[in-house]
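Visitor: sharing a sequence plus its predicted fold:
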Amino acid sequence: LEIESSNGAVDVRGVPGQTEVRVTATVTSRGSTQAQANERAAAVSLHMAQQGGRILLAYRANEQTDDVRRYTGVAFEVTAPPGLDVRAVTSNGAVSAAAVQGRLHLTTSNGAVDISDAVGQLRAVTSNGRIGAARCQGVLDLETSNGEIAVEDVSATVDAHTSNGPIVFSGTLIGPANSLGTSNGRIRFATPATASLEITAKTSSASISSALPLVGDTQGKEWLATLNPPAAAGVSLVTSNGAIEILPRP
């Protein structure tokens, strides 16, 4: 499933037992009069097509007239079988996906990205907005330039980075190459007290604290320590401006 849009939100939801893809496309248009707005909405070029196993839904700004591109946008709301791979891109609007299983790639330039109850290779990118991931399994690759990253109740390999915003994590990490990083913001990292984890933590201008019984170097602004050695997984926690808290997951 491939979705391309501009000036509108995209929402994809997997529905167990559903065998078809159902789509609602909502066109939004502005004008100085109702007639002008209606004229612009009617001029929108929209693609909805299936070729074999590929389904394409697209509102492409570069295919619209200058007038339509400036004053219109399209939002897509989709329900689908849970097992579809999904790529969704929009330029101004939120993107969300829930209850999907497979490869997932969500991108927006101005808006939030949210993933929930998903399993697979999961990637979320925005340049200005928050990223949230809840109850996910697999591989999480999360990136925003300006916004918080909140990861809740996951069991996954995680790479999460933001330039300006806090990172809040709660869950279980898998594998040695997990990374949570921000340039300006705190990191709050919560994991089960029974986890076996090597933790590298570094901050430039604040403190690092732990409510878990870590073994190793836990002094100053750069720690290298282990929870329940020998470690079965690893994580790097790095911030330039902000505190790092390491906590037991409730």
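Guide: Looks like it arrived, so ask away. Owing to the predicted nature of the structure, the values given are computational and were not obtained by experimental measurement. Residues are numbered from 1 along each chain as shown.

Visitor: state the pLDDT value of the spatially closest residue to Leu214 that is not a sequence neighbour.
Guide: Distance criterion Cβ to Cβ, 6 or more residues apart in numbering; nearest residue to Leu214, sequence neighbours excluded, is Ala225 at 3.8 Å. For the C-beta atoms, the positions are set from N, CA and C on the backbone; glycine is no exception. Reading off the confidence values, Ala225 has pLDDT 98.

Visitor: next, the buried residues of the strand or helix carrying Ala225.
Guide: Using DSSP states H and E, Ala225 maps to strand 222-227. For strand 222-227, a neighbour-count test (16 or more other Cβ atoms under 10 Å) marks 223, 225, 227 as buried.

Visitor: quick revisit: next, the contact list for the residue nearest to Leu214, please.
Guide: Listed by Cβ atoms under 8 Å, 6 or more residues apart in numbering, the contact partners of Ala225 are 198-199, 201, 210, 214-218.

Visitor: most neighbours, which of these?
Guide: The residue in these with the most neighbours, by other Cβ atoms under 10 Å, is Ile199 (28 neighbours).

Visitor: so which helix or strand takes in that one?
Guide: Following DSSP H and E, one finds Ile199 within strand 197-203.

Visitor: could you check the angle strand 222-227 makes with that strand?
Guide: With axes from the mean of the first three to the mean of the last three Cα atoms, to 10 degrees defining the directions, strand 197-203 sits at 160 degrees from strand 222-227.

Visitor: residues contacting strand 197-203, please?
Guide: Under Cβ under 8 Å, 6+ apart, the answer for strand 197-203 is 173, 176, 191, 208, 214, 221-228, 231-244, 246.
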